[in-house]
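Chemist: Sequence and predicted model, in that order:
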Amino acid sequence: MARPIAFLYGVICYTIFFLTFLYLIGFVANLLVPKSIDVGVVTPVATALTINMALIALFGIQHSVMARPAFKERLARVLPRTIERSTYVLASSVVLILLFWQWRPLTAPVWSVQSEVAKMLLWAGMFGGFLVVLLSTFIISHFELFGLRQVWLNLRRQSYSQLGFSVKYMYRFVRHPLYLGFIFAFWATPHMTVGHLLFAVGMTIYILVGIRYEERDLVHFLGADYADYRGKVPMLIPKFGKGHSTVK
């Protein structure tokens, strides 16, 4: 029974993640959700700043700590490795849900674009960013990244093996298109408020810090292949042309 239960757990964790990701789009865009980045309980500015910064910090700490190999080794002592990734996905979703729930809007405007053309471009940047995030996960193996491959192989009694390192599509031009997509999604808005700006700045800082730790781990596990890739392809700002698009 342990294998079907692990598989069910993985499916539930993935479902929670996917619904949370969809809510994140509505949260940032202030669309189709009951509580968003600019809609919610109004509190004094100092209180709102304190709560919001604590929520962003909690998100960053959870993501960074649970992604480190040392933490994974400790987690493996109490949980089967099969569900380690699903547990990470679940924890990340829960922290994001907490952020949605407790976020305090700060609605003073920073900028408000009036041009209809500019508005359309900014909306396209936001939703295009979220699309790049989703596509990036499929390029690097969506179901591996969110724990479904692990529990599926376990259910079928097949041994788990790490997927090989390869460079395809967007990853030929930028090492982290997924993070770049998030940056576009968080910053591209026709109506930027103080609260939205705080969210965008906080998440961008986390991304820039998190990349350093992630790449250190990638070099450790993938060795010279990733070190060579890192030397040829830029981190977040794509460079199109000879020497970048031809990385194998």
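Modeler: Structure's in. What do you need?
Chemist: distance of the nearest residue to I205 once chain neighbours are set aside from M170?
Modeler: Of all residues not flanking I205 in the chain, G60 sits nearest, at 7.9 Å (Cβ to Cβ, 6 or more residues apart in numbering). Yep, even glycine has a C-beta here, placed from its N, CA and C like the rest. Relative to M170, G60 is positioned 24 Å away (criterion: Cβ to Cβ, to the nearest Å).
Chemist: show me what contacts the closest residue to A227 other than its chain neighbours?
Modeler: Using Cβ to Cβ, 6+ apart and skipping residues adjacent in sequence, the residue nearest A227 is V219, 5.4 Å away. Counting by Cβ atoms under 8 Å, 6 or more residues apart in numbering, V219 makes contact with 226-227, 230.
Chemist: can you pull out the strands in the chain?
Modeler: Using DSSP state E, the strands of the chain run over 109-112, 191-193.
Chemist: Run through who's touching the first one.
Modeler: Contact with strand 109-112 is made by 190-194, 196-197, as judged by Cβ under 8 Å, 6+ apart.
Chemist: which residues are contacting the lowest-mean-pLDDT helix or strand in the chain?
Modeler: Ranked by mean pLDDT, DSSP states H and E, the weakest helix or strand in the chain is helix 69-75, scoring a mean of 86. Contacts of helix 69-75 with the rest of the structure, by Cβ under 8 Å, 6+ apart, involve 65-66, 84, 87, 217, 220.
Chemist: for stretch 5-18, same thing?
Modeler: 80, 82-83, 86-87, 89-90, 92-94, 146-148, 150-152, 154-155.
Chemist: Please render the contacts of strand 109-112 as a markdown table that adds neighbour count, distance to H142 and pLDDT to the earlier fields.
Modeler: Converted to a markdown table, the contacts of strand 109-112 look like this (neighbours: other Cβ atoms under 10 Å; distance: Cβ to Cβ, whole Å; pLDDT from 0 to 100):
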| residue | neighbour count | distance to H142 | pLDDT |
| --- | --- | --- | --- |
| P190 | 18 | 30 | 97 |
| H191 | 15 | 32 | 97 |
| M192 | 18 | 31 | 98 |
| T193 | 20 | 32 | 98 |
| V194 | 18 | 35 | 98 |
| H196 | 23 | 28 | 98 |
| L197 | 18 | 31 | 98 |
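Chemist: With distance to Y14 as new columns, can those residues be given to me in TSV?
Modeler: Listed next are the contacts of strand 109-112 as TSV, based on distance: Cβ to Cβ, whole Å:
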residue	distance to Y14
P190	33
H191	33
M192	32
T193	32
V194	34
H196	28
L197	32
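Chemist: can you tell me how far the nearest residue to L222 once chain neighbours are set aside sits from E84?
Modeler: Leaving aside its chain neighbours, L222 sits nearest to F165 (5.0 Å; criterion: Cβ to Cβ, 6+ apart). Using Cβ to Cβ, we find F165 at a distance of 20 Å from E84.
Chemist: How about L31?
Modeler: 34 Å.
Chemist: more neighbours, those two?
Modeler: Just comparing L31 and E84: by other Cβ atoms under 10 Å the higher neighbour count belongs to E84, 18 against 11.
Chemist: What is the end-to-end distance of stretch 142-161?
Modeler: 15 Å (Cα to Cα, to the nearest Å).
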